[in-house]
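K.L.:
With the sequence up front, the predicted model follows.
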Amino acid sequence: MPKIVDHDSRREELARAVWAVVARAGVEGATVRAVAAEAGWSMGALRYYFATQDGLLRFALEVMLRRAPERLRTQLGSGRTGLEQAQGLLEELLPLDQERLGEVLVWLAFLGRARVDPSLDDLRQTAWQGERYVCRLAVAELARRPWPAELAAPLPAEHLEAEAAQLHTFVDGLALQGATFRAQLPPEQLRDLLRRRLEALESAVREDG
């Protein structure tokens, strides 16, 4: 019988290899050859999934987007509420370990390529919308409001939607600096900065009702 290949599992394995190489050697070091060596695959097997560095970045981002709903469900099903839930949700977007560092670096590199390649705009918009949704969930938790029902749905209260937009910008800044200035902003400091921002935001949205 022919061997049955679990492509979803292989994509996960390969994406982890991409993030590991990017975290260790940067995006420029994430060549097809380097990723093949990290994964323990032949170059021929790798080329089934991508053949160029641009293809590598797109592949890695597509896997990230496919994994995002499951990671979100895990966080939302954790039993935490309010500040603790908001913290857990937003930590998924920060480079707090090697895997998430690789994800953030891939995202930053992808944004640079997407500026000059219109074919990448669909993924860019989808990823941005997903991040904004996570920020809306966090604000809804802090304000003790219902979660937004749809990915693109704004929060019903205008001031809460404005807070979600500001929080999105803040978290993006943390991710950028945490990924590019590791010595100055280690994971424990990223967590602390996020916590302080969320504590202040919780007080503000609860006072506003």
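P.N.:
Arrived safely. Residues are numbered from 1 along each chain as shown.
K.L.:
OK, contacts around Glu202?
P.N.:
Contact analysis of Glu202 by C-beta atoms under 8 Å, 6 or more residues apart in numbering lists Gly82, Leu83, Ala86, Leu142. Every residue, glycine included, has its C-beta placed from N, CA and C.
K.L.:
Chain neighbours aside, what residue packs nearest to the last one?
P.N.:
Read it as Leu142. Setting aside the residues directly before and after it, Leu142 is nearest to Glu202 in space (C-beta to C-beta, 6 or more residues apart in numbering), at 4.4 Å.
K.L.:
could you measure that neighbour against Thr81, distance?
P.N.:
12 Å (C-beta to C-beta, to the nearest Å).
K.L.:
next one: Leu96
P.N.:
Leu96 is 21 Å from Thr81, by C-beta to C-beta.
K.L.:
does Glu91 really touch Asp192, like I thought?
P.N.:
No. With contact defined as C-beta atoms under 8 Å, Glu91 and Asp192 do not form a contacting pair (11.7 Å).
K.L.:
And the two? Which one has more around it.
P.N.:
Remark: of Glu91 and Asp192, Glu91 carries more neighbours, 18 against 11, as counted by other C-beta atoms under 10 Å.
K.L.:
Tell me, how many residues neighbour Ala34?
P.N.:
Neighbours of Ala34 under the rule other C-beta under 10 Å: 18.
K.L.:
So what does Ala153 have for phi and psi?
P.N.:
phi -80, psi 130 (degrees, to the nearest 10).
K.L.:
hmm, back to that, and the contacts of Glu202, which of them are buried?
P.N.:
Buried members of these, counted by 16 or more other C-beta atoms under 10 Å: Leu83, Ala86, Leu142.
K.L.:
What are the neighbouring residues in contact with the first one?
P.N.:
For Leu83, the set of contacting residues under the criterion of C-beta under 8 Å, 6+ apart consists of Glu141, Leu142, Leu198, Glu199, Glu202.
K.L.:
next one: Leu94
P.N.:
Arg100, Val104, Val171, Leu174, Ala175, Gly178, Pro187, Leu190, Arg191, Leu194.
K.L.:
Check the last one and give its pLDDT.
P.N.:
Confidence at Leu194, expressed as pLDDT, is 99.
K.L.:
Take the contacts of Glu202 and lay them out in CSV including distance to Arg33, pLDDT and secondary structure.
P.N.:
Below are the contacts of Glu202 laid out as CSV (distance: C-beta to C-beta, whole Å; pLDDT from 0 to 100; DSSP: H, G, I helix; E, B strand; the rest coil):
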residue, distance to Arg33, pLDDT, secondary structure
Gly82, 48, 95, helix
Leu83, 45, 97, helix
Ala86, 41, 97, helix
Leu142, 46, 97, helix
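K.L.:
Can you tell me which of those is nearest Arg67?
P.N.:
Minimum distance to Arg67 across the contacts of Glu202 is 20.6 Å, recorded for Ala86 (C-beta to C-beta).
K.L.:
any idea how far that closest one is from Leu120?
P.N.:
30 Å.
K.L.:
re the thing from before, more neighbours: which of Leu96 and Thr81?
P.N.:
Each of Leu96 and Thr81 has its neighbours counted (other C-beta under 10 Å); Leu96 has more, 19 against 10.
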